[in-house]
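> Okay, predicted coordinates and the sequence, questions at the end:
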Amino acid sequence: AATDAAIATGDETRWDLRLQLSPPVRAALRELLDGPVGDTLEQLAGSNAVLHELAAVVSVPGAAPQVLHPDADWSAGASVFSAFVALQDVTAPMGPTLFLRGTHTQEAHTAHAAGVAATTEHRAAQPSSGRDEGGYRAFLAAADARAALLRRGEAVVYDRRLLHAGGRNAS
């Protein structure tokens, strides 16, 4: 379990471990790409898509939640997608990734950036620069949030521009 100090700083509670293409990893990747996830990625990115990163995401019991973020800046065209494949059942206490559907748009990225700036200014006790922290709360409250509660072997594929965050691991 994470220590209180580690949780406070976010240190040593969540890892994104890049995987080497060892024979067992290659076999698992081939199996994944020969099934529905591969079909979905091909429909989204085309048959000549390039694997950019292969990693395992790990959080320990007690891990703090992540801040809401996209994995890629907004751009006019979707070009990078991610697939999260559950290597074990992911339950609510484990802090599954929360996805805000429809937030891969320029408008959502603009609202998110303004909300983060307003929240940061509020915390720093600086005068408001006209940004609306309440508007950001309304944006978040109206979002269609979905938790990736997955059974082992299930996957979620998403546009890396989508706003999302790993939850608190209370397991």
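Perfect, I can see it now.
> in this protein, which spans are strands?
In the chain, the strands defined using DSSP state E lie at 14-18, 55-59, 81-85, 97-101, 144-147, 155-159, 164-166.
> any chance of these in JSON lines, plus mean neighbour count, mean pLDDT and distance to D71?
Just so you know, the C-beta spots here come from the backbone N, C-alpha and C atoms, and that holds for glycine as well. Shown next, in JSON lines, are the strands of the chain (neighbours: other C-beta atoms under 10 Å; pLDDT from 0 to 100; distance: least, C-beta to C-beta, whole Å):
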{"stretch": "strand 14-18", "mean neighbour count": "11", "mean pLDDT": "91", "distance to D71": "10"}
{"stretch": "strand 55-59", "mean neighbour count": "14", "mean pLDDT": "92", "distance to D71": "11"}
{"stretch": "strand 81-85", "mean neighbour count": "17", "mean pLDDT": "94", "distance to D71": "6"}
{"stretch": "strand 97-101", "mean neighbour count": "19", "mean pLDDT": "96", "distance to D71": "11"}
{"stretch": "strand 144-147", "mean neighbour count": "13", "mean pLDDT": "96", "distance to D71": "16"}
{"stretch": "strand 155-159", "mean neighbour count": "17", "mean pLDDT": "95", "distance to D71": "9"}
{"stretch": "strand 164-166", "mean neighbour count": "20", "mean pLDDT": "95", "distance to D71": "8"}
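> quick one: which of these is nearest D39?
Taking C-beta to C-beta, strand 155-159 is the member of the strands of the chain nearest to D39, at 10.1 Å.
> circling back: possible to save the strands of the chain as JSON lines with distance to R30?
Converted to JSON lines, the strands of the chain look like this (distance: least, C-beta to C-beta, whole Å):
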{"stretch": "strand 14-18", "distance to R30": "18"}
{"stretch": "strand 55-59", "distance to R30": "17"}
{"stretch": "strand 81-85", "distance to R30": "13"}
{"stretch": "strand 97-101", "distance to R30": "25"}
{"stretch": "strand 144-147", "distance to R30": "29"}
{"stretch": "strand 155-159", "distance to R30": "15"}
{"stretch": "strand 164-166", "distance to R30": "27"}
